[in-house]
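Participant: I would like to see how this sequence folds:
(one chain, ligands or ions: 1)
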Amino acid sequence: MTTRVAVLVGSLRAASLNRKLAESLASQAPEGAELFLVEGLDALPFYNEDIDTDDVDSSVLALREAVAGADRVLAVTPEYNGTMPAVLNNALDWLSRPFGAGAIKGKPFGVIGLAPSPYGGQWAHGDTARSAGIAGAVVVEDVTVSQNYLETDVFTDETVQAKLRGAVAKLVSYEVAAA
Ligand code: FNR
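Facilitator: Numbering: from 1, shown residues only. I've put the predicted structure just below:
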């Protein structure tokens, strides 16, 4: 059976390096796994309990269905002002509701990303992991890579590539505890 990994990209930029990384990792997914990018995060309305009704926007339904149908969730995100970009935060908010039964609940979760800061965006990645955990995801230990992209060509450096592929492999092979 294929392990399906829903990938949430935290940048909307056409030339996003994080999107490029997500696509690159998807093209070299471990055997038995499929990584797919969840599109349309820019179409989501800002989370608002008043519109989180039975008649919720179709963009929200699409997001929730995509993640509910996945076995794992991977965020690939830059850092904005020391935390995760709003577009990713908003998607996590939508995925966290209904309270206790959001689409992300129980999903093994990892977070990686590229940033120009010396710390590689680790504040964003720490915040993303904490937020996803509070939203009900199962944050998998060590599936976090915060990679600076100014010092290294991350798309050709074999050490960096191995680290990134290793994180994906660990997320994919994570054993989900029996309910
Ligand atoms: C940034 N950037 C940035 N980088 C970083 O390492 N730490 C930070 O706190 C911030 N803050 C920040 C805020 C805003 C509003 C922008 C637009 C950018 C730089 C950012 O990480 C860099 O441009 C990345 O390349 C963006 O990722 P993508 O679009 O290439 O995937």
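Participant: how close does L95 get to the ligand?
Facilitator: For L95, the distance to the ligand (Cβ to the nearest ligand atom, to the nearest Å) stands at 20 Å. For every residue, glycine as well, the C-beta is placed using N, CA and C.
Participant: scratch that, W94
Facilitator: With the distance defined as Cβ to the nearest ligand atom, W94 ends up 21 Å from the ligand.
Participant: A68 now?
Facilitator: Distance, A68 to the ligand, by Cβ to the nearest ligand atom: 26 Å.
Participant: That residue - how many residues pack around it?
Facilitator: Counted with other Cβ atoms under 10 Å, the neighbours of A68 add up to 14.
Participant: you'd agree it is up against G102?
Facilitator: No: counting by Cβ atoms under 8 Å, G102 is not a contact partner of A68; they are 9.1 Å apart.
Participant: Quick one: name the residues of the protein near the ligand.
Facilitator: Contacts of the chain with the ligand, taken as Cβ under 6 Å from any ligand atom, map to 11, 13, 16-18, 78-82, 115-117, 121.
Participant: Would you mark the buried spots in the longest strand anywhere in the chain?
Facilitator: Determined from DSSP state E, the single longest strand within the chain is strand 138-148. By neighbour count with 16 or more other Cβ atoms under 10 Å, strand 138-148 contains the buried residues V138, V139, V140, V143, T144, V145, S146, Q147, N148.
Participant: between the helix ranked longest in the chain and strand 138-148, what angle do the directions make?
Facilitator: Using DSSP state H, we find that the single longest helix of the chain is helix 158-173. Using axes from the mean of the first three to the mean of the last three Cα atoms, to 10 degrees, the direction of helix 158-173 lies 170 degrees away from that of strand 138-148.
Participant: so how far is helix 158-173 off the chain centroid?
Facilitator: Its chain's C-alpha centre lies 15 Å from the corresponding centre of helix 158-173 when counted by Cα atoms, centre = their mean, to the nearest Å.
Participant: what's the answer for stretch 18-36, then?
Facilitator: Distance, stretch centre to chain centre, for stretch 18-36: 12 Å (Cα atoms, centre = their mean).
Participant: Which residues are in contact with the spatially most central residue of the chain?
Facilitator: What sits nearest the mean C-alpha location of the chain, by Cα atoms, centre = their mean, is A75, with 1.4 Å. If a contact means Cβ atoms under 8 Å, 6 or more residues apart in numbering, then A75 has 7-10, 84, 88, 109-113, 128, 132 as its contacts.
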